[in-house]
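Got a sequence here, can you build the structure:
(2 chains)
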Amino acid sequence: EPEVTQTPSHQVTQMGQEVILRCVPISNHLYFYWYRQILGQKVEFLVSFYNNEISEKSEIFDDQFSVERPDGSNFTLKIRSTKLEDSAMYFCASSPTSGRLSAYNEQFFGPGTRLTVL
Amino acid sequence: GESVGLHLPTLSVQEGDNSIINCAYSNSASDYFIWYKQESGKGPQFIIDIRSNMDKRQGQRVTVLLNKTVKHLSLQIAATQPGDSAVYFCAENSGYALNFGKGTSLLVTP
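Numbers count the residues shown, from 1 in each chain, chains lettered A, B, ... in the order given. Have a look, this model is predicted:
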């Protein structure tokens, strides 16, 4: 069964450093997403991406964040200058369509990358 | 503001019993809802979804009920098994984003 994969599983970085989190969405999906989950809290939407551009982003997704689909398979989240409060699980998800177009919009989640900022 | 939330943070049930996990939402314009299961150290796993034009949808051992009048959603798990122990999130689809609730931890005891 196809699945979303993410690397690395755990990333430790120093405050102020740049990190890139990588995702490989399901191959025939067109919509891609990043979410984060701070320990013990709910999953929060960061950004959605379609047709090589951001389709929607939350207030969390400020200028320190960027996303890119550098090739036909990878989808990345970059944090330019990490802060302590960026420590969280970051989940990538993908879906074949979007809630704006389809009656059902199941988003498939990857296993996550645990980011620890020291 | 608009929110999706859960009534109970934890639920403990005995193996074989039925489980009911509840969720309230406040956005009356929400038209699509999903239940996700999250096991420790893993990403959310889709369980079942429902559109607002339906009151009930059934899957394998799971049923989702939607009451639009009181903006309430529930997940019923029949014959709960130890493998059902996890955190369960309801989420509403708001355009592109999923808006998650805080989660209910389900603990299945033998």
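
who in chain B is up against chain A?
B:32, B:34, B:36, B:41-46, B:49, B:51, B:89, B:91, B:93-103 (CB under 8 Å from any CB of the partner chain). Where C-beta positions appear, they are placed from N, C-alpha and C, glycine not excepted.

switch the cut-off to 6 Å
Chain B has residues B:42-44, B:46, B:49, B:51, B:93, B:95-98, B:100, B:102 near chain A, with proximity defined as CB under 6 Å from any CB of the partner chain.

Can you tell me which of these end up in strands?
When the residues of chain B next to chain A are checked against strands (DSSP state E), the matches are B:Phe46, B:Asp49, B:Arg51, B:Asn93, B:Ala97, B:Leu98, B:Phe100.

Between all of these, which two are separated the most?
B:Arg51 and B:Phe100 (18.2 Å; CB to CB).

Neighbour count: these two, which is higher?
Neighbour count, other CB atoms under 10 Å in any protein chain shown: between B:Arg51 and B:Phe100, B:Phe100 has more, with 24 against 13.

could you check the distance from that one over to B:Leu11?
18 Å (CB to CB, to the nearest Å).

Just among the ones in strands among the residues of chain B next to chain A, which is most surrounded?
Among those, the one with the most neighbours (other CB under 10 Å) is B:Leu98, at 29 neighbours.

and A:Gly16, what is it in contact with?
Counting by CB atoms under 6 Å, 6 or more residues apart in numbering or on different chains, A:Gly16 touches A:Ser81.

Centroid-nearest residue for chain A?
By CA atoms, centre = their mean, chain A has its centre lying nearest to A:Trp34, at 2.5 Å.

tell me which element that one falls in.
strand A:31-37 (DSSP states H and E).

So what touches the helix or strand hosting B:Thr63?
B:Thr63 belongs to strand B:62-67 when assigned by DSSP H and E. The contact list for strand B:62-67 (CB under 6 Å, 6+ apart) reads B:Ile47, B:Ile48, B:Ile50, B:Asp55, B:Lys56, B:Arg57, B:Leu73, B:Ser74, B:Leu75, B:Gln76, B:Ile77.

before we move on, the earlier item: am I right that the residue nearest to the centre of chain A is in contact with A:Ser48?
No: the pair A:Trp34 and A:Ser48 does not pass the contact test of CB atoms under 6 Å, sitting 8.3 Å apart.

Any regions of chain A where pLDDT drops low?
For chain A, residues meeting the criterion pLDDT under 70 lie at A:98-105.

Likewise for chain B?
Filtered on pLDDT under 70, chain B yields the residue ranges B:1-8.

And the strands in chain A, which stretches?
Applying DSSP E to chain A gives strands spanning A:5-7, A:10-13, A:19-24, A:31-37, A:44-50, A:53-57, A:65-68, A:75-79, A:88-95, A:108-109, A:113-117.

Great, nothing more from me.
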